[in-house]
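Trainee: no sequence on hand, only this structure:
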């Protein structure tokens, strides 16, 4: 089992920045690819970003490319999502997810086995 706990959400004005963190425990963190997803009210959960176990490969949704950066610190068992130039349409609950995988960067939510409880991000206009 892997336990994931997100933090860092909050209320920010459009154009501002937030940094989300996801702390993992329970298994060897560097065996897992990590992803961030989000879900806005009335919408389906969508992919935001993902990172290879080593940090050597990342992928992003088109809607966040150039604004968000995913990174990880395997020594701290933590993955981060730096969000810059935030827009009102980025408002959602953000979830981190993990899958035991050392090849590839999954984009589909059904590829992930473990999920955090989510953290709310609200961007005001």
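Mentor: Arrived safely. Predicted model, so just to flag it, every value in this text is computed and none were measured. Numbers count the residues shown, from 1 in each chain.
Trainee: any idea how far residue 85 is from residue 55?
Mentor: 23 Å (CB to CB, to the nearest Å). Where C-beta positions appear, they are placed from N, C-alpha and C, glycine not excepted.
Trainee: does the residue positioned nearest the centre of the chain lie in a helix or a strand, and which?
Mentor: What sits nearest the mean C-alpha location of the chain, by CA atoms, centre = their mean, is residue 36, with 2.3 Å. For residue 36, the enclosing helix or strand under DSSP states H and E is strand 32-39.
Trainee: check what pLDDT the residue nearest to residue 101 when sequence neighbours are not counted gets.
Mentor: What sits nearest to residue 101 in space, not counting adjacent residues and going by CB to CB, 6 or more residues apart in numbering, is residue 33, at 4.5 Å. We have a pLDDT of 95 for residue 33.
Trainee: dump the residue contacts of residue 33.
Mentor: Shown in contact with residue 33 (CB atoms under 8 Å, 6 or more residues apart in numbering): 50-53, 98-99, 101-102, 104-106.
Trainee: closest to residue 3 out of these?
Mentor: Proximity of these to residue 3 (CB to CB) peaks at residue 98, which lies at 9.6 Å.
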